[in-house]
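>>> coordinates for the following, if possible.
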Amino acid sequence: MGAAAGQRRGQFMDGEDERSFFAEEQLAPAGKAGTKPHYHGHRDRLRQRFAEAGSAALLDYEILELFLFRSIPRADTKGPAKALLERFGSLPEVFGAPERLLQEVDGIGASAARDIKIAAALAQRMLKADLRNRQLLTSWSQVIEYCTAVMAHEDREQFRVLFLDKKNQLIADEVQQTGTVDHTPVYPRELVRRALELAATAVILVHNHPSGDPTPSRADIDMTKTIVDTAKPLGITVHDHIIIGKKSHVSFKGLQLI
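Next up, the predicted model:
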C-alpha cells in the first residue's frame, strides 16, 4: 500500500465513507484474478467459532473484529480492533468513546465510528428498558450498570436525575445539565420543580467525573445538601447521589453523606 493510502486509512474527509476507500483498495488484490483476499478465510473461521461456541469462545478483540466486519467489509479488521482496545483500554471504553476520538484510530473512519456509537446506544436502551417497572432500590446493581454505561466515558460532566414514583419505580431519566470536564451547574429549585411536574416522590441524583476518580468534592457535598433541604419540605426524598467514575462509583448514602 502506498504512503498516501496509508495516511488515509486512519483519517477520512468529512462525508467520506471508509467502506468505499477499502473497496477501492481491495478490489484488485495481488495474485490470480478472482482470488479472495487473505482475510476472507479468517472472517469465515471467526464467524464459525462464534456460531458454534458463542461469545465466550472469543477474546475481546475478536468480538470487536466480528462487529467491524460489516462496517469495514473489504479489509482486515484485526488491526483496527486491537488498536481500538490499545487506545481506549477495554470494550466498554471503546463503545463509550466519542466519535471524534474513535476516528483517530488507524483504520476507523466516520462510518465505523458511527456504527460503534449506534451499538452503544442500543446497549444503553436495553439497560434502561430493564429498569422500567422495577423497584429501583431493590435493583441497585442494574441502576449502577445503567448509569455506568451511559455516563462513565463521557468527556464532560453530566448531571442526571432518575425521577421515581411512590413505589420507587422509574418515571423519567433526564440529564438536567451538561458542564465542563470538572464542573456542572446544578439548580436545585429547577430540579424540584421538574420533580413536581412529573409527580415524582423521590429522586436519585447521578453525575460523572471525567477524571475517572469518583471521590466527591466539597462542592458535590454542599450541592447535594442544598437539594435535599430544598426537596424535603415538598415531600420529595433524595434516595442517593451517585458519582460515576471510569472504573468505579461512589454512593453518598454508602458514605453516610445523605
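>>> around residue 185, how many other residues sit close by?
Residue neighbour count, defined by other Cβ atoms under 10 Å, stands at 12 for residue 185. Heads up, the C-betas are built off the backbone N, CA and C, glycines and all.
>>> ok, the nearest residue to residue 184 once chain neighbours are set aside to residue 112 distance?
Spatial nearest neighbour of residue 184, excluding adjacent residues (Cβ to Cβ, 6 or more residues apart in numbering): residue 157 at 4.1 Å. Distance of residue 157 to residue 112, given as Cβ to Cβ, to the nearest Å: 28 Å.
>>> look at the two and report which has more neighbours.
Between residue 157 and residue 112, counted using other Cβ under 10 Å, residue 112 has the larger neighbour count: 26 against 21.
>>> contacting residues around the helix or strand residue 83 falls within?
Assigned by DSSP states H and E, residue 83 belongs to helix 78-88. Applying Cβ atoms under 8 Å, 6 or more residues apart in numbering, the contact partners of helix 78-88 are 39, 42, 60-62, 64-65, 68, 72, 91, 94, 96-97, 101-102, 104-108, 112.
>>> in helices, which of those residues fall?
39, 42, 60-62, 64-65, 68, 91, 94, 96, 101-102, 112 (DSSP state H).
>>> most neighbours among these, which one?
Highest count within the ones in helices among the contacts of helix 78-88 by other Cβ under 10 Å belongs to residue 112, 26 neighbours.
>>> and residue 241, that one's in a strand?
Yes. With DSSP: H, G, I helix; E, B strand; the rest coil as the criterion, residue 241 is part of a strand.
>>> which pLDDT value goes with the closest residue to residue 93 other than its chain neighbours?
In space, residue 93 comes closest to residue 153 once its chain neighbours are excluded; the distance is 5.7 Å by Cβ to Cβ, 6+ apart. On the pLDDT scale, residue 153 is placed at 85.
>>> wait, is residue 153 part of a strand?
No. Residue 153 is assigned coil when assessed by three-state DSSP, not a strand.
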